[in-house]
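Asks: next one to model:
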Amino acid sequence: MTLTASLRGTREVRDNYQIFRLIGLLDAFSEAAFRKVLSKFIEEGPNHAILDLSKIDFVDSSGLGALVQLVKKAQTEGGSLQIVSNPRVTQTVKLVRLENFLSLQPSVDAAVENIPKA
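Replies: Sure thing, here's the model as predicted:
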């Protein structure tokens, strides 16, 4: 799935969750398309989602805002959104003290373990 020239990724649907693996830049340029596409997938379900940002090169304040909105969207749909991070993303998230709200996880496996069982 190509969201913008600078952000692309894949979507994998499992039993009760979906995984999005993204590569590139999550910034003001890509944020609107990112938020719109992922919101639609969360609505369609499954409503538990894992966002693998371990290969993201950069996140700015627009990208952080989109992540917060997607967490709220998943919660509204009765689900959850967990974020697999990398040191660069984690540092940006911690600067604004959102690491707990955004459910940062060290790996996709750790995120899968945190998905509520049906």
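
Asks: contacts and neighbour counts: CA atoms only from here.
Replies: OK.

Asks: with adjacent residues omitted, what lies nearest to G24?
Replies: L7 (4.6 Å; C-alpha to C-alpha, 6 or more residues apart in numbering).

Asks: pretty sure the one you found sits against L25.
Replies: Yes: at 5.5 Å, L7 counts as touching L25 under the criterion of C-alpha atoms under 8 Å.

Asks: distance of K94 from R88?
Replies: 10 Å (C-alpha to C-alpha, to the nearest Å).

Asks: those two: which has the busier surroundings?
Replies: The neighbour count for K94 versus R88, taken as other C-alpha atoms under 10 Å, is higher for R88 (15 against 11).

Asks: what pLDDT does that one get?
Replies: Listed pLDDT for R88 reads 90.

Asks: what helices or strands is the one helix or strand it maps to leaning on?
Replies: In this assignment (DSSP states H and E), R88 forms part of helix 87-95. Counting contacts by 3 or more C-alpha pairs under 8 Å, 6 or more residues apart in numbering; DSSP states H and E, helix 87-95 packs against strand 48-59.

Asks: what lines up beside the strand it packs on in the sheet?
Replies: strand 17-26 (parallel), strand 80-84 (parallel) (DSSP bridges).

Asks: most packed of the ones you listed?
Replies: strand 80-84 (a mean of 25; mean count of other C-alpha atoms under 10 Å).
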